[in-house]
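Enquirer: Sharing a model prediction with you, sequence too.
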Amino acid sequence: MNNKYDEELYHVAEETFAALAFIMPLDPEDETPDETDAGIIASVTFTGEFRGIIFLSVPAGLLPELSANMLGAEDGEEPPIDEQHDAFAEALNVICGNLLPIIAGTKAVFDVHAPKIMTDGRIPDEYEQYEPAGSATLIFDTGKADMVLFIDKPAA
Amino acid sequence: MSLNILIVDDSTVVRMSIIRVLKIAEIPLDNVFQAANGQEGLDVLEDNWIDMVLADINMPVMNGEEMIEKIRANPMWKDMPILVISTEGSKTRIERLEQKGAKFIHKPFPPETIREVICEMTGINHEQQV
C-alpha cells in the first residue's frame, strides 16, 4: 500500500515496540512476512481535530513477549492473558498518542479512547469500502504486525 | 525519606510497569497505592497520606485533568506534587496541565527521566538514597 501516513505509522510503531518492550522488528527487505498466524486485533478511536481509528493486529505469539518485557517478568514467566491483552492495548494507545501530533501538529487536541481487543481477529467488513490514511507492517520473529489508520470514518 | 506514591491509570500493566520503573530508578518508596481512574484516585487520597501522584490523562469515570482540578481545589492537597505520565502530544493540553501545577512525562519514557523529575519535584536527593 502507499497511503499518506504509511511511513509515519511505521516509524511510530517501530519506536513504540522498541521503547516499551525492547522488541525490534526485522528488516522488511530481508524477511518475508509470515501469513500463517492471524493473531489478535485491537482498535483505538480518537476524536478532536478530526476523528479516526487505528487497527493493530499482531501474531498471538507476540503477546507473551510484549507483556513480559513491559512488566519486567522473569525469564520464561508468562503473564496471564488479561495482562497480555492489557499490554497489547497499551502498545496501541502509545502508537496512537504518538502518531497524532505527527500528523496533526502539536496544537491539535485529541481525546484518545480506551483501546478495545477484538477477539474475532479481523477488521470489520464495513471498513473495506474506505481508503486507509496509513498502513504499515512490522515483521517480528513471531510473525507480522499490521496497522491500518482510517481518518474521518465512523468508529467500530 | 521514602515516598508514599499514588499511581492512577486505567491499565493494570501500565501501573505495574511504572512501579517497576520506579524501582529501577531507585526511587525510595514506602507505600505505593494504585487507582484505576480519577475518582478512585481521589478516594485513595482521602484515606491515605500521599506524597506524590502519578497520573494518566485518558481514563474512564474521571479523567486525569478533572482529578487534578479537584486535587488543586482541596486546600489539603493544593501543593501536592502531580506528575502526568501520558502519550498526550498536544502542547495546548500539556500547557493547560502545567498551568494547574502538574509536570508532564511523555510515554514511553526511560527510567532516568522519571528519576530526575521525581527528585526535582519532591526534593529527594537521589545520591543519598543509594
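Expert: Nice, I can see it.

Enquirer: what sits up against stretch B:69-77?
Expert: B:38, B:42, B:45, B:53, B:78, B:80, B:82, B:100-101 (CB atoms under 8 Å, 6 or more residues apart in numbering or on different chains). For every residue, glycine as well, the C-beta is placed using N, CA and C.

Enquirer: Kindly check the end-to-end length of stretch B:74-83 for me.
Expert: 17 Å (CA to CA, to the nearest Å).

Enquirer: Could you report the neighbour count for residue 24?
Expert: In the absence of a named chain, chain A is used. 12 (other CB atoms under 10 Å in any protein chain shown).

Enquirer: think we crossed wires, I meant chain B
Expert: A count of neighbours around B:Ile24, defined by other CB under 10 Å, yields 14.

Enquirer: now the one 3 residues further on
Expert: Counted by other CB under 10 Å, the residues lying close to B:Ile27 total 23.

Enquirer: Show me what from chain B comes close to chain A.
Expert: Taking CB under 8 Å from any CB of the partner chain as the contact definition, chain B meets chain A at B:10-14, B:16-17, B:20, B:24, B:58, B:60, B:86-93, B:107-108.

Enquirer: Which of those residues are buried, as a PyMOL select command?
Expert: Burial among these is assessed by 16 or more other CB atoms under 10 Å in any protein chain shown; the matching PyMOL selection reads:
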select buried, chain B and resi 10+11+12+13+14+16+17+58+86+87+88+89+90+93+107+108
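
Enquirer: Among the residues of chain B next to chain A, which are located in strands?
Expert: Residues of those located in strands (DSSP state E): B:Ser86.

Enquirer: coming back round to it: which ones among the contacts of stretch B:69-77 are found in strands?
Expert: B:53, B:82.

Enquirer: Buried ones among the contacts of stretch B:69-77?
Expert: Buried members of these, scored by 16+ other CB under 10 Å, are B:38, B:42, B:45, B:53, B:80, B:82.

Enquirer: Including pLDDT, could those go into TSV?
Expert: Output for the buried ones among the contacts of stretch B:69-77, formatted as TSV (pLDDT from 0 to 100):
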residue	pLDDT
B:Gly38	97
B:Leu42	98
B:Leu45	97
B:Val53	97
B:Met80	96
B:Ile82	97
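
Enquirer: Pick the one among the residues you listed closest to chain A.
Expert: Checking those against chain A by CB to the nearest CB gives B:Gly38 as the nearest, at 14.1 Å.

Enquirer: Was I right to think that closest one contacts B:Pro60?
Expert: No - B:Gly38 is beyond contact range of B:Pro60, at 9.3 Å (criterion: CB atoms under 8 Å).

Enquirer: so what pLDDT did the residue minimising distance to the centre of chain B get?
Expert: Using CA atoms, centre = their mean, the residue of chain B that lies closest to the mean C-alpha position is B:Leu54, 1.1 Å off. Predicted confidence (pLDDT) for B:Leu54: 97.

Enquirer: show me where pLDDT drops low in chain A?
Expert: Across chain A, residues meeting the criterion (pLDDT under 70) sit at A:1, A:30-38, A:153-156.

Enquirer: Before I go, just wanted to say thanks for your time.
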